[in-house]
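Novice: sequence and predicted structure below; questions after.
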Amino acid sequence: VVYNIYYRNLTVNYSRSFIIMICSLCLILSMTFASSVQAGLIFDIRYVIMFFGILFGGLTTGWILLVEFMIYRLYIGGTGVIDAIIILVITFPLSVMLASVYQRTRHRLWIVFTAGISFSFIPLTLLYITKPDYIMNHLLFNILAIPVQNSLGIWLLITMFNKSVTDKELSLKYIQNEKAE
């Protein structure tokens, strides 16, 4: 939505600085208004935002989001801080790898699906190892709500952004053709 509003009258598509600003804002909002069933353990779409930022903004955007995530997660605190950092150590390189594969393949839906499931499975597995009682007490939330939130969120975000970018490219080509005529 922000993309469509911001780039409506501009004669360029998107920029890395736009991706950095929007992803940074979304990361803060996501972590601030996260879903939680136990104090200190917060679940949000930060890994989805990180993947999106790397995918469309590049590795520099990813590093900026990584630093922002670390600072803000340490500021929020809670019992899940160490778990969140360990999960990020695993999901960040995975995001870089999946973004690279996404750029090179035609089967992008599978990459998006893999990212959504991975960003759900990795935290679930780590939390099961470190806090098995939490996982078992909130099993439905952890095996249903989180995977749906991540998988659906990443699919919607990437699909809608790609559609907006394609529409903008068509609009720019139309404007160029009109100028040429």
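Specialist: Structure received.

Novice: low-confidence stretches in the chain?
Specialist: 4, 7-8, 11-12, 36-40 (pLDDT under 70).

Novice: can you rerun that using 80?
Specialist: Along the chain, the parts satisfying pLDDT under 80 run over 1-15, 34-45, 78-79, 142, 165, 168, 171-172, 175, 180-181.

Novice: show me where it has helices.
Specialist: Residue ranges of the helices in the chain, as given by DSSP state H, are 2-6, 16-32, 46-57, 59-76, 81-104, 108-130, 132-137, 139-140, 146-180.

Novice: and the second one, what other elements does it pack with?
Specialist: Right, helix 16-32. helix 2-6, helix 46-57, helix 59-76 (3 or more C-beta pairs under 8 Å, 6 or more residues apart in numbering; DSSP states H and E). C-beta coordinates here come from the backbone N, C-alpha and C atoms, glycine included.

Novice: to V112, which of those helices lies closest?
Specialist: helix 46-57 (9.0 Å; C-beta to C-beta).

Novice: number of nearby residues for the spatially closest residue to S120 that is not a sequence neighbour?
Specialist: Nearest residue to S120 in three dimensions, chain neighbours excluded: P147, at 3.8 Å (C-beta to C-beta, 6 or more residues apart in numbering). Using other C-beta atoms under 10 Å as the criterion, P147 is surrounded by 16 other residues.

Novice: Q149 too?
Specialist: Neighbours of Q149 (other C-beta under 10 Å): 18.

Novice: F56 now?
Specialist: 20.

Novice: how near is the nearest residue in space to it that is not next to it in sequence to I122?
Specialist: Excluding the flanking residues, the one nearest F56 by C-beta to C-beta, 6+ apart is I19, at 5.1 Å. Going from I19 to I122 by C-beta to C-beta, to the nearest Å gives 24 Å.
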